[in-house]
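Colleague: attaching a predicted model along with its sequence, questions to come.
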Amino acid sequence: MTDTVDEAAPQQRERPRVVLGVTGGIAAYKACEVLRRFSESGHDVTVVPTAAALEFVGAPTWAALSGKPVAADVWSRVHEVPHVRIGQEADLVVVAPATADVLARAAHGIADDLLTNTLLTARCPVVFAPAMHTEMWEHPATRANVATLRSRGAVVLEPAVGRLTGRDTGKGRLPDPVEIYEVARQVLARPGAADLAGRRVVVSAGGTREFLDPVRFLGNRSSGLQGYALARAALSRGAEVTVVAANVALADPAGAHVVRVTSTAELREAVLREAGSADAVVMAAAPADFRPVAQSTEKIKKAADGSAPPLALEQNPDVLRELATERRAPGSVVVGFAAETGDSTGSVLDLARAKLARKGCDLLVVNDVGGGAVFGSEDNEVVILGADGSSRAVARASKTDVAHAIWDEVARRFAH
Ligand code: CTP
């Protein structure tokens, strides 16, 4: 039934070539969105579904969305040698969803269909986005296969936690397709940079809330965008990532373990727990510095005389300082952020150097928030200060580029 491979016009061949492998799981329909993102952003996508995947989503859907014939078996257009050519010519292979079966075949070098032939011949980066039932993901065979693939440089994303096919809930859901695309796009942009493989990193993101009563809270303007960009960047570089997310209204980064918190006390508990086995902790969150001394269990009513209720605040613990001074994991790298405006006592950088020393962290990412522009913005402009005296300015760039600059600095410290 299938026609094969690359009919692209020469000018299309200038576009990065992505192979989207789709395997036989109910989540195969979500790969349509991954495909659409790649196609619309100018990539030349060849879809290679397995026979089982075609039971879930048919070839016409893949052909229509990719604008190309679907490549599904090794016996069509044999003279074009598709079983080696598709892999050889690829700039990136993404397998989404990846079943336990394809992980096993890939790990063992079995080449019994076009997709596994492609995986054996590809020399480009490979991203697997697994989806399966929790028992299959946790089975020692799958654990070993995932470890093998990662040790060879493949990025194997952790599945998301949530509703699975049928009534089950647990780990095994395919991550958000747009997020798979985001991570895969970054892998493609930085081939050969799986320099965080085998590393476990923790990123805090968002802003904490301190409740005055059941409906009112003290909060701040942190959107979580920079923290989530850090998580995606680390995932694309092969790290195992835990995000401690404080009130973030963004889709979970594909492959990240997300711990949700509300208050600074909850954030502290989660970050300190996760830091115990982390190679790096990046405190991109904005924890509220103060909390009400007492939280009313009932909604505070307006007084008839027009007076405001008393608002007594106390200081929250400084999580970054605690992390940095009482290292949970010896040799770990601790990164803080500083949002500064400068004042009569010193410039933004003067205050930041003093903060770096006070907090005791290894790196401090300094934002000049004089104009308030960074909050909720897609861009950022920072200086990364090191406790070793280093200083790296990152001119206005996307939060993704800023994230990679931060991981570059962290990775350099791992190397020592
Ligand atoms: N931070 C933290 N715990 C807090 C407050 C802040 O871990 N209770 C972390 C932030 O995640 C960030 C860094 O500390 O990485 C800098 O936060 P900032 O609010 O700028 O520093 P402060 O300690 O509040 O310094 P100051 O108010 O003196 O400027």
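Modeller: Yes, it's here.
Colleague: okay, now the unreliable bits of the stretch 101-250 of the chain?
Modeller: Applying pLDDT under 70 to the stretch 101-250 of the chain flags no residue at all.
Colleague: get me the contact residues on it for the ligand.
Modeller: Not one residue of the stretch 101-250 of the chain sits near the ligand, judged by Cβ under 6 Å from any ligand atom. (Glycine included, C-beta is placed from N, CA and C.)
Colleague: in stretch 298-318, what's buried?
Modeller: Using 16 or more other Cβ atoms under 10 Å as the burial criterion, the residues of stretch 298-318 that qualify are 316, 318.
Colleague: so how far is it from its chain's centroid?
Modeller: Centre-to-centre, stretch 298-318 and its host chain are 39 Å apart (Cα atoms, centre = their mean, to the nearest Å).
Colleague: can you tell me the element the residue lying closest to Ile26 once chain neighbours are set aside falls in?
Modeller: In space, and not counting its chain neighbours, Ile26 is closest to Thr165: 4.8 Å by Cβ to Cβ, 6 or more residues apart in numbering. Per DSSP states H and E: Thr165 is located in neither a helix nor a strand.
Colleague: stretch 70-87: which residues count as buried?
Modeller: Across stretch 70-87, burial judged by 16+ other Cβ under 10 Å covers 70-74, 76-77, 82-87.
Colleague: pLDDT below threshold where in the stretch 301-416 of the chain?
Modeller: Where the stretch 301-416 of the chain drops to pLDDT under 70, the residues are 371-376, 416.
Colleague: show me where it has its helices.
Modeller: Remark: helices assigned in the stretch 301-416 of the chain by DSSP state H, counting those that start in this stretch are 319-325, 348-359, 399-415.
Colleague: tell me what the shortest one is packed against?
Modeller: When you say that, I think you mean helix 319-325. helix 264-275, strand 280-283, strand 333-340, helix 348-359 (3 or more Cβ pairs under 8 Å, 6 or more residues apart in numbering; DSSP states H and E).
Colleague: mind telling me which residue of the stretch 1-150 of the chain is nearest the ligand?
Modeller: Nearest residue of the stretch 1-150 of the chain to the ligand, counting by Cβ to the nearest ligand atom: Arg150, 29.4 Å away.
Colleague: which non-adjacent residue is nearest that residue?
Modeller: Excluding the flanking residues, the one nearest Arg150 by Cβ to Cβ, 6+ apart is Val156, at 5.4 Å.
Colleague: state the distance from the one you found to the ligand.
Modeller: Distance from Val156 to the ligand, counting by Cβ to the nearest ligand atom, to the nearest Å: 30 Å.
Colleague: may I have the helix or strand hosting the residue of the stretch 1-150 of the chain closest to the ligand exported as CSV, CA atoms only?
Modeller: In this structure, Arg150 sits in helix 140-151 according to DSSP H and E. Output in CSV follows, covering the C-alpha atoms of helix 140-151 (Å, rounded to 0.1, in the frame of the first residue of the first chain):
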residue,chain,number,x,y,z
PRO,A,140,13.2,-4.5,34.2
ALA,A,141,13.4,-5.3,30.5
THR,A,142,12.2,-1.8,29.5
ARG,A,143,14.4,-0.2,32.1
ALA,A,144,17.4,-1.9,30.7
ASN,A,145,16.5,-1.1,27.1
VAL,A,146,16.0,2.6,28.0
ALA,A,147,19.3,2.6,29.8
THR,A,148,21.0,1.1,26.8
LEU,A,149,19.5,3.6,24.4
ARG,A,150,20.5,6.5,26.6
SER,A,151,24.0,5.2,27.0
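Colleague: check what contacts that helix and list those residues.
Modeller: 100, 103-104, 106-108, 126, 128, 130, 132, 136, 156, 197-198, 238 (Cβ atoms under 8 Å, 6 or more residues apart in numbering).
Colleague: buried stuff in it?
Modeller: With burial defined by 16+ other Cβ under 10 Å, the residues of helix 140-151 counted as buried are 142, 145-146, 148-150.
Colleague: show me the two of the residues you listed that sit farthest apart.
Modeller: Put simply, by Cβ to Cβ the two of those set farthest apart are Thr142 and Arg150, 12.4 Å from each other.
Colleague: still on that earlier bit, reformat the helices and strands packed on helix 319-325 as CSV; add mean neighbour count.
Modeller: Below are the helices and strands packed on helix 319-325 laid out as CSV (neighbours: other Cβ atoms under 10 Å):
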stretch, mean neighbour count
helix 264-275, 20
strand 280-283, 28
strand 333-340, 24
helix 348-359, 17
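Colleague: turn those into JSON lines, columns for distance to Lys171.
Modeller: Shown next, in JSON lines, are these (distance: least, Cβ to Cβ, whole Å):
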{"stretch": "helix 264-275", "distance to Lys171": "17"}
{"stretch": "strand 280-283", "distance to Lys171": "23"}
{"stretch": "strand 333-340", "distance to Lys171": "28"}
{"stretch": "helix 348-359", "distance to Lys171": "35"}
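Colleague: out of those, which is closest to Phe38?
Modeller: Of all these, strand 280-283 sits nearest to Phe38, with 28.6 Å by Cβ to Cβ.
Colleague: now do the strands in the stretch 201-350 of the chain.
Modeller: With DSSP state E, counting those that start in this stretch as the criterion, the stretch 201-350 of the chain has strands at 210-211, 217-218, 240-246, 257-261, 280-283, 290-292, 313-315, 333-340.
Colleague: now render these as CSV, adding distance to Ala64.
Modeller: Output for the strands of the stretch 201-350 of the chain, formatted as CSV (distance: least, Cβ to Cβ, whole Å):
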stretch, distance to Ala64
strand 210-211, 50
strand 217-218, 48
strand 240-246, 34
strand 257-261, 34
strand 280-283, 41
strand 290-292, 54
strand 313-315, 58
strand 333-340, 45
